[in-house]
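Asker: predicted model follows, preceded by the sequence.
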Amino acid sequence: MQRILVIRFSSLGDVVLSTSPLNTIRKSNPYAKITFLTLSTYAPILENHPDIDRLLTIEKSWSIKRLWDFSKYISEKYYNTIYDLHNSIRSNLVMLRSKSRVYQLKKPRMKRAALFYFHKNYFDKSFSTLRMYHENLGEIYDENDLPPTKLVLSNHEIKRGIHFIRSQGINNEYFVAVPGSAWLQKQWSPKKYAELFDNLNFPVVMLGLSSDTICNKIGEISGNVLNLAGQTGFREAMAVIYNSRHVIGSDTGLVHMAEALGKNATMILGPTSRETGGGLYLPESKMVESDIWCRPCSQNGSFPCYRERQYCMDSIGVDDVLKTLPRV
């Protein structure tokens, strides 16, 4: 039996996006035993995934020695093929003792540097993270076949999600919003979010981390929101998203998660873009962005804006987002 290891440690959005090449690997090896290796933080989202036979995890806090010891375990599993969709120091160390055939992600570092620092775009118009992942799968890559991302919920989890939302006083359709992100530069204005929500005919459920203070700010302004930031785990958040009408948010993992659950989404893009790994893929999903010369300015939106105002976000109006949403 073929034994295959797929590696993607982080972040949330990238782990979600990796389920597309994972499906390609499964279709090319229908009878193989596929193990997916990720950080324990993100493992819950991959539970019950049909293309994964075994879920293997490590901790982000592991030392180099611990990773070196773990690499012996990997080598003793005798994987026929390893697909490294991360290509980090951590993934290279984990594979160091293995004699498996390895296909490793090649990141477009030089093109991104030219884009960020010299505003020269050498990316092909068809570039996307999904295509980049697939281009590094070797002979199984078919440029005309990029499967959608996929996450799976049980019927029980879906029903629990419905009951949970009803217990919060929402008995009809609702929107989900994910205003927070790892970096403040990727967050739209709380005032604009509040104005947007107050223009909707359905209530809005906000998801995120307890550290997403933007959710608290929006909740203080808008009377049409239920703030659940920090109150759900990944599986609960997935159920809330699955049962929603539409998802709105930043370039962040939960919005990618929405598409993997089959939900259309609206993503508000500021300092990031499709070339940096942002963007959406479902035909009915929408990206709202301003075509200004200084964006994108960094890989993940972490660089502070060097202009007096963050025009990439400030120039996006409420109406720009409102018109992307399903008619209410």
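Answerer: Sure thing, it's come through.

Asker: please make it C-alpha for all contacts and neighbour counts, starting now.
Answerer: Fine.

Asker: and the helices in this structure?
Answerer: 12-17, 19-28, 64-76, 89-95, 109-118, 129-135, 155-167, 190-198, 213-221, 234-242, 253-260, 311-314, 318-322 (DSSP state H).

Asker: out of these, flag the one nearest Ile52.
Answerer: Smallest distance to Ile52 across the helices of the chain (Cα to Cα): 8.3 Å, for helix 19-28.

Asker: tell me which other helices or strands that closest one touches.
Answerer: helix 129-135 (3 or more Cα pairs under 8 Å, 6 or more residues apart in numbering; DSSP states H and E).

Asker: show me how far the helix it packs on is from its chain's centre.
Answerer: Distance, stretch centre to chain centre, for helix 129-135: 14 Å (Cα atoms, centre = their mean, to the nearest Å).

Asker: do the same with stretch 204-218
Answerer: 18 Å.

Asker: for that stretch, list every residue counted as buried.
Answerer: 204-209, 212, 214-216, 218 (16 or more other Cα atoms under 10 Å).

Asker: equivalent analysis for stretch 282-289, please.
Answerer: Applying 16+ other Cα under 10 Å to stretch 282-289 flags 285-289 as buried.

Asker: measure the closest residue to Phe202 other than its chain neighbours to Gly253 for me?
Answerer: Computed as Cα to Cα, 6 or more residues apart in numbering, the closest residue to Phe202 that is not its neighbour in sequence is Tyr174, at 5.3 Å. Distance of Tyr174 to Gly253, given as Cα to Cα, to the nearest Å: 20 Å.

Asker: with Val176 instead?
Answerer: 14 Å.

Asker: who has more neighbours out of these two?
Answerer: Val176 (26 against 21; other Cα atoms under 10 Å).

Asker: quick check, that one in contact with Val247.
Answerer: Yes: using Cα atoms under 8 Å, Val176 makes contact with Val247 at a distance of 4.7 Å.

Asker: now for the two: what residues contact both?
Answerer: Common contacts of Val176 and Val247 (Cα atoms under 8 Å, 6 or more residues apart in numbering): Ile241.

Asker: so how far is Ala237 from the residue nearest to Ser211 when sequence neighbours are not counted?
Answerer: Nearest residue to Ser211 in three dimensions, chain neighbours excluded: Gly230, at 7.5 Å (Cα to Cα, 6+ apart). Distance of Gly230 to Ala237, computed by Cα to Cα: 10 Å.

Asker: compare the two and say which is more crowded by neighbours.
Answerer: Ala237 (22 against 14).

Asker: how near is the more buried one to Ser290?
Answerer: Taking Cα to Cα, one finds Ala237 at 29 Å from Ser290.

Asker: before we move on, what about His119?
Answerer: 15 Å.

Asker: for the residue nearest to Asp198 when sequence neighbours are not counted, what are its contacts?
Answerer: Nearest non-adjacent residue to Asp198, counting by Cα to Cα, 6+ apart: Asn224, 5.8 Å away. Asn224 is in contact with 197-198, 202-204, counting by Cα under 8 Å, 6+ apart.

Asker: go on, Pro296?
Answerer: Taking Cα under 8 Å, 6+ apart as the test, what Pro296 contacts is 115-116, 270-273, 276.

Asker: determine which two of those are furthest apart.
Answerer: Among these, Leu115 and Gly270 lie farthest apart (Cα to Cα), at 14.8 Å.

Asker: sorry, back to before: are any of the contacts of Asn224 buried, and which?
Answerer: For those, buried by 16+ other Cα under 10 Å: 197-198, 202-204.

Asker: which residues touch stretch 182-200?
Answerer: So stretch 182-200 is in contact with 179-181, 203-204, 214-215, 217-219, 221-225, 250-252, 268-272, 300-305, 310, 313-314, 317-319, 321-322, 328, going by Cα under 8 Å, 6+ apart.

Asker: out of the residues you listed, which end up buried?
Answerer: By 16+ other Cα under 10 Å, these give 179-181, 203-204, 214-215, 218-219, 222, 224-225, 250-252, 268-272, 300-301, 305, 313, 318, 321 as buried.
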